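Peer 1: got a structure for you, letters missing:
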């Protein structure tokens, strides 16, 4: 039985958050939704495989959320896609080791394709793990 592929979507825009969630669910992903970084901290167990997070949010923004995730779960390595219309997005993404970032507004097909690609890369990396046993 195939493991659920879990995506946490964190965005303060309820319409955008629900739309992204529906698109990803339609693609077969198990989706969790959070309205800001503070709420997202409650959706980390079990750790999602991919996190799609807005940079600018109330309560706890995307940068603060990712820093807190790293403090609480130093060994966790979810793939992160950062969304923002802010010019500092790429700088924050580089500083935090985020795998990808997209400008808002973004092409929803591009986001879904990116999430799918992140899972495919992770699965191909997993296929190579442990197969190098000497006999």
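Peer 2: All right, it came through fine. The model shown is predicted, which means the values in this text are computed figures rather than measured ones.

Peer 1: Quick check, central residue of the chain?
Peer 2: residue 51 (1.4 Å; Cα atoms, centre = their mean).

Peer 1: which residues of this structure score low on pLDDT?
Peer 2: 1-3, 128-135 (pLDDT under 70).

Peer 1: where along it do the strands fall?
Peer 2: 6-10, 30-34, 50-54, 79-84, 100-103 (DSSP state E).

Peer 1: which of the residues in the third one are buried?
Peer 2: Applying a neighbour-count criterion of 16 or more other Cβ atoms under 10 Å, one finds 50, 51, 52, 53, 54 buried in strand 50-54. C-beta: built from backbone N, CA, C; applies to glycine.

Peer 1: tell me the two of these that are most distant?
Peer 2: 50 and 54 (14.5 Å; Cβ to Cβ).

Peer 1: Next, format the strands of the chain as CSV and append distance to residue 24.
Peer 2: Putting the strands of the chain into CSV (distance: least, Cβ to Cβ, whole Å) gives the following:
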stretch, distance to residue 24
strand 6-10, 5
strand 30-34, 5
strand 50-54, 8
strand 79-84, 11
strand 100-103, 14
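
Peer 1: looking at these, which is closest to residue 125?
Peer 2: strand 79-84 (10.9 Å).

Peer 1: one step back: name all residues that make contact with the residue nearest to the centre of the chain.
Peer 2: Residues near residue 51 by Cβ atoms under 8 Å, 6 or more residues apart in numbering: 7, 8, 10, 40, 69, 78, 79, 80, 81.

Peer 1: right, and the last one touches residue 53 too?
Peer 2: In this case it means residue 81. Yes: Residue 81 is in contact with residue 53 according to Cβ atoms under 8 Å; the separation is 7.3 Å.

Peer 1: closest to residue 116 among the buried residues of strand 50-54?
Peer 2: Nearest to residue 116 among the buried residues of strand 50-54, with distances taken as Cβ to Cβ, is residue 50, at 9.7 Å.
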